[in-house]
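Visitor: Any chance you could fold what I've pasted below:
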Amino acid sequence: MRELSVYYCPLCGRYAYFQLPKNAVCHKCQTKMNLMDMRYQDFMDLDYDARDRLITHKIVESAPTLVERICAPDKVYNHRELIGRLAAECSRLEQENQELNHTIDWMHKTIWDQLKRTRELERELAELRKS
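Guide: Numbers count the residues shown, from 1 in each chain. Have a look, this model is predicted:
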């Protein structure tokens, strides 16, 4: 038989004991509860105040900070920053494209020079065979 585990609701702070994680749903909020990282018996040994402090600490620890919550709408609607990033990426890609085109031009020239040299050598060889 599986041992009981302690779960808490990240929204309202209620806690409960379940054997299976699939059953860990808050009865008040109807949300999935989080597993406490301690054994059932260790949690039961705590008094009610210690339990409340522990769960409060867990909720605050996992909640976004005040600065993150204040800045969240700004991040969603900050088109200037997005445009700046996209412009920088376009510049980087154009630079990379120029370098690749330069490499292709160099390779093309090298191949044609090599082909021309090969044909000249073939002609010289053909002339040597005739003589």
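Visitor: In terms of helices and strands, where is Glu3?
Guide: Using DSSP states H and E, Glu3 sits within no helix or strand.
Visitor: do the same with the one 3 residues further on
Guide: Using DSSP H and E, Val6 sits within strand 5-8.
Visitor: what packs against that strand?
Guide: strand 15-18, strand 34-39, helix 40-45, helix 48-62 (3 or more CB pairs under 8 Å, 6 or more residues apart in numbering; DSSP states H and E). Backbone N, C-alpha and C define where each C-beta goes, glycine included.
Visitor: Output the first one as CSV, nothing but the C-alphas.
Guide: Going back to what we said before, that points to strand 15-18. The C-alpha coordinates for strand 15-18 follow below in CSV (Å, rounded to 0.1, in the frame of the first residue of the first chain):
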residue,chain,number,x,y,z
TYR,A,15,-3.6,21.1,2.4
ALA,A,16,-4.7,17.4,2.2
TYR,A,17,-3.3,13.9,2.2
PHE,A,18,-3.5,11.6,-0.8
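Visitor: Quick check: which helices or strands does it pack against?
Guide: Applying 3+ CB pairs under 8 Å, 6+ apart, we find strand 15-18 packed against strand 5-8.
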